[in-house]
Structures are given as C-alpha cells and as structure tokens.
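A.B. asks: Okay, predicted coordinates and the sequence, questions at the end:
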Amino acid sequence: MLAALVPVSELASVTPPPHIKPRYIHFLTQHRDNSNTNTGGTYCNKMMEKRGLTHPNCKERNSFIHASDTDIKAVCGNQGEPYGTQRRSCNKFRVTTCTLKGGSTRPPCKYTHDNRPRFIVIACDEGFPVHYDEGKVIVVEKWPCKK
C-alpha cells in the first residue's frame, strides 16, 4: 500500500537492495512530497491524512521534504557530510514540518506548519535514505560542507 504513494517513475531511477527497499519506500512515503503544492493553510491537515498519519491516532509531528528522491538520496553521497552517525545536507531543502495542535492525539487531527528552508539530517543505509531526524532543525544561513 505504501508503494502506491511513491510514483513509479521515481522508484525506477534507483534500485535499492531488497533488504533496504521497504525502509526506503517508507521514508519516501512519510517524508517526501515533490509537488509544488502551497504548503500553507490546510496543507498539513490534508497531507497527514493522505499519508495515513492520522489513523488510528494523530501523529504528533511529521516533516515533508519538497525535493525529488534523487536530490534527497544525494545527501547520502556527495551532497551530504557525516553528522554523528547520520548525514547532513550540504544545501538547504524546502521542508514543511506539521505539528499537532492541542493535547489530544485522537482524530480529528489539526496541524500547524513550519515551512522554513533548512538543512536536513538523515540516516542512510547503503546510500539510501531510511530515516529523517526531525529533532535536528538546522536553519542557519550558511553551513558549507567540508569538501
């Protein structure tokens, strides 16, 4: 079911090993939105529901990276650098973080959004992104990679 939300054309450009593919597809489904959608207003409410993050309970926070899978995957290679056990992007990405409003995690779910461009921190496995570290919000102006 998760693979249905990831365009086939995007998956065709990469070939993750079979033991990584489910985690990679899960990462793309939860954290990538390569549309040019307006990220204000009701974006978070709609996207969280569309991605299945509001049932049976409302996920408290989730971020969507507005880039292609190829651009995100590049952070695992020459467009990223080590950041602890993870990788930090050399360039900022458009990211929308949706945060649950109110104290209840029971639907209906209502979210606020933060769409500041930022450097992303991801975990990679054999060159494929498999986890987005939402706790690392890096919005400084410049943070060049050491190349």
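C.D. replies: Yep, it's here.

A.B. asks: same question for stretch 37-50, mean pLDDT?
C.D. replies: Averaged across stretch 37-50, pLDDT comes to 86.

A.B. asks: Buried residues of it, list them for me.
C.D. replies: 39, 43-45, 47-49 (16 or more other CB atoms under 10 Å). In this view, the C-beta of every residue, glycine as well, is placed from N, C-alpha and C.

A.B. asks: contact partners of it?
C.D. replies: Contact with stretch 37-50 is made by 5, 33, 54, 58-59, 62, 64, 66, 94, 96, 98, 109-113, 115, as judged by CB atoms under 8 Å, 6 or more residues apart in numbering.

A.B. asks: try 7 Å
C.D. replies: Identification of contacts with stretch 37-50 by CB atoms under 7 Å, 6 or more residues apart in numbering yields 33, 54, 59, 62, 64, 96, 98, 109-111, 113, 115.

A.B. asks: What about the residues you listed, which are in strands?
C.D. replies: Counting by DSSP state E, these place 62, 64, 96, 98, 111, 113 in strands.

A.B. asks: Give me the most central residue, this structure.
C.D. replies: H31 (2.6 Å; CA atoms, centre = their mean).

A.B. asks: tell me the SS of the nearest residue to C76 once chain neighbours are set aside?
C.D. replies: Take C76 and drop its neighbours on the chain: the residue closest to it by CB to CB, 6 or more residues apart in numbering is C124, 3.7 Å away. Under DSSP: H, G, I helix; E, B strand; the rest coil, the three-state class of C124 is strand.

A.B. asks: quick one: contacts for T97?
C.D. replies: 61, 63, 113-114, 134.

A.B. asks: got these as JSON lines, with pLDDT columns?
C.D. replies: Below are the contacts of T97 laid out as JSON lines (pLDDT from 0 to 100):
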{"residue": "R61", "pLDDT": "95"}
{"residue": "S63", "pLDDT": "95"}
{"residue": "H113", "pLDDT": "92"}
{"residue": "D114", "pLDDT": "90"}
{"residue": "E134", "pLDDT": "80"}
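
A.B. asks: No further questions, thank you.
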